[in-house]
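Undergrad: Below: sequence and its predicted model.
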Amino acid sequence: MGKLDGRVVIVTGAARGQGEQEARLFVEEGARVVVADVLDEQGEALAEELGAESAAYVHLDVGVEEDWRAATAAAKDAFGKVDGLVNNAGILRFNELLGTPLEEFEQIIRVNQIGCFLGIRTVAPEMAAAGGGTIVNTASYTALTGMAYVGAYAATKHAILGLTRVAALELAGRNIRVNAVCPGAVDTPMTNPAQLDPGADPEAAREAVAELYKKLVPLGRIGQPQEVAALALFLTGDDSAYITGQPFVIDGGWLAGVSVV
Ligand SMILES: NC(=O)c1ccc[n+]([C@@H]2O[C@H](COP(=O)([O-])OP(=O)(O)OC[C@H]3O[C@@H](n4cnc5c(N)ncnc54)[C@H](O)[C@@H]3O)[C@@H](O)[C@H]2O)c1
């Protein structure tokens, strides 16, 4: 028996990184997964690898209302219902606040924050019709503390926690649980763009990342996307049946405090 047998889950930003690992793990655990992303080639390849019985790809720009309606309809066409959503898609831009153009700030809000809102607003009624469900929003370590040069990103991740709490309160009566994951540094193209650069030396990039997080993180290493997927599985499955409205930090101890030795 899988932990998600009979479930149908939309995972946004599922073509690569944490979303890809969430899609893979959820299918392993018996769910049927809608792989949603703007990276069509990679998303389609993943859905094909997972098999048509278990996965379908849809093009979904999370900041576009009409895309959400179409993706939800496609999910129902493919698998009959939707009772799970992982709002995982997100973008990161580095900039000091005083030098951040308004368009950049708005673009980050559009994807990270409005994307999450539109996902909840579009999919929750379908979940209610299916008898209930779960929503996992992807916030961040920077939802709970500051980090210089990621002001727009941190603002959206703080906002996602507010949205998570309010959605949990408003949707509990429809048997929908809403929680958030707050990852620290996780080894994906977002944290380690060298993964996408054919000209980069992968070994050198790995060593630089390892050296950095050995110093910064109490557990001495960067996190793996599979570890975040395991937390998203916990929050989507019945093991977390009495949990809603909460942020879950997964950061190797980074937020625990500072150490002087
Ligand atoms: N990697 C980390 O260290 C880290 C830490 C904390 C939080 N997060 C969050 O985890 C989530 C996943 O990030 P990741 O590390 O896997 O990064 P990633 O860049 O590898 O993956 C992000 C995915 O989102 C997709 N995406 C971007 N804009 C989109 C849009 N408008 N519509 C639909 N899909 C879109 C991308 O195409 C990509 O597939 C993000 O919300 C990110 O903010 C990541």
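TA: Here it is on my side, so go on. Every value quoted in this text rests on a predicted model; they were computed, and no experiment measured them.

Undergrad: C-alpha only now, for contacts and for neighbours.
TA: Will do.

Undergrad: who's in contact with the longest strand belonging to the chain?
TA: Using DSSP state E to define each element, the chain has its longest strand at strand 176-183. Here strand 176-183 makes contact (Cα atoms under 8 Å, 6 or more residues apart in numbering) with 124, 127-128, 132-143, 161, 164-165, 167-168, 171, 228, 231-232, 235, 243-251.

Undergrad: what mean pLDDT would you report for the helix or strand just after it?
TA: For strand 176-183, the succeeding helix or strand toward the C-terminus, using DSSP states H and E, is helix 202-216. Across helix 202-216, pLDDT averages out at 90.

Undergrad: So is helix 202-216 next to the ligand?
TA: No: legend: contact between helix 202-216 and the ligand by Cα under 6 Å from any ligand atom is lacking; minimum distance shown is 11.2 Å.

Undergrad: Would you verify that Val9 is located in a helix?
TA: No: under DSSP: H, G, I helix; E, B strand; the rest coil, Val9 sits outside any helix and is assigned strand.

Undergrad: Per-residue confidence, the closest residue to it other than its chain neighbours, what does it come out as?
TA: In this structure, Val9 finds its nearest non-sequential neighbour in Gly84, 4.1 Å apart by Cα to Cα, 6 or more residues apart in numbering. For Gly84, the model assigns a pLDDT of 98.

Undergrad: Could you tell me the phi and psi values at Gly84?
TA: phi -150, psi 150 (degrees, to the nearest 10).

Undergrad: burial measure for it, as a count.
TA: 29 (other Cα atoms under 10 Å).

Undergrad: got it, and the one 3 residues further on?
TA: For Asn87, the count of nearby residues is 28 (other Cα under 10 Å).

Undergrad: Begin at 54, not 1, for the rest of this chat.
TA: Sure thing, new numbering starts at 54, so read that last one as Asn140.

Undergrad: and it, bridged to which residues?
TA: Taking DSSP bridges as the rule, Asn140 bridges to Asn190.

Undergrad: Now do the end-to-end distance for stretch 143-158.
TA: Stretch 143-158 has an end-to-end distance of 13 Å (Cα to Cα, to the nearest Å).

Undergrad: where exactly do the strands run in this protein?
TA: 61-65, 85-90, 108-112, 137-140, 186-191, 229-236, 300-303.

Undergrad: touching the ligand at all, the last one?
TA: No: using Cα under 6 Å from any ligand atom, no contact is recorded between strand 300-303 and the ligand, whose separation bottoms out at 8.9 Å.

Undergrad: gap between that strand and the chain center?
TA: 12 Å (Cα atoms, centre = their mean, to the nearest Å).

Undergrad: Partner strands of it, with direction?
TA: Here strand 300-303 is paired, per DSSP bridges, with strand 229-236 (parallel).

Undergrad: Just the buried residues of the partner strand, please?
TA: Neighbour-count burial for strand 229-236, with 16 or more other Cα atoms under 10 Å as criterion, is recorded at Ile229, Arg230, Val231, Asn232, Ala233, Val234, Cys235, Pro236.

Undergrad: measure the most centrally placed residue in the chain to Gly310 for me?
TA: Among the residues of the chain, the one closest to the centroid is Asn141, at 2.0 Å (Cα atoms, centre = their mean). Using Cα to Cα, we find Asn141 at a distance of 26 Å from Gly310.

Undergrad: again with Val262
TA: 21 Å.

Undergrad: Those two: who's more crowded?
TA: Shown here are Val262 and Gly310; by other Cα under 10 Å, Val262 has more neighbours (17 against 7).

Undergrad: That one contacts Asn245, doesn't it?
TA: Yes: Val262 is in contact with Asn245 according to Cα atoms under 8 Å; the separation is 7.5 Å.

Undergrad: For the closest residue to Cys169 other than its chain neighbours, list the residues it contacts.
TA: With Cα to Cα, 6+ apart as the criterion, Cys169 has its nearest non-adjacent residue at 5.8 Å, and that residue is Asn140. Residues near Asn140 by Cα under 8 Å, 6+ apart: Val64, Thr65, Gly66, Gly168, Cys169, Gly172, Ile188, Val189, Asn190, Thr191.

Undergrad: No further questions, thank you.
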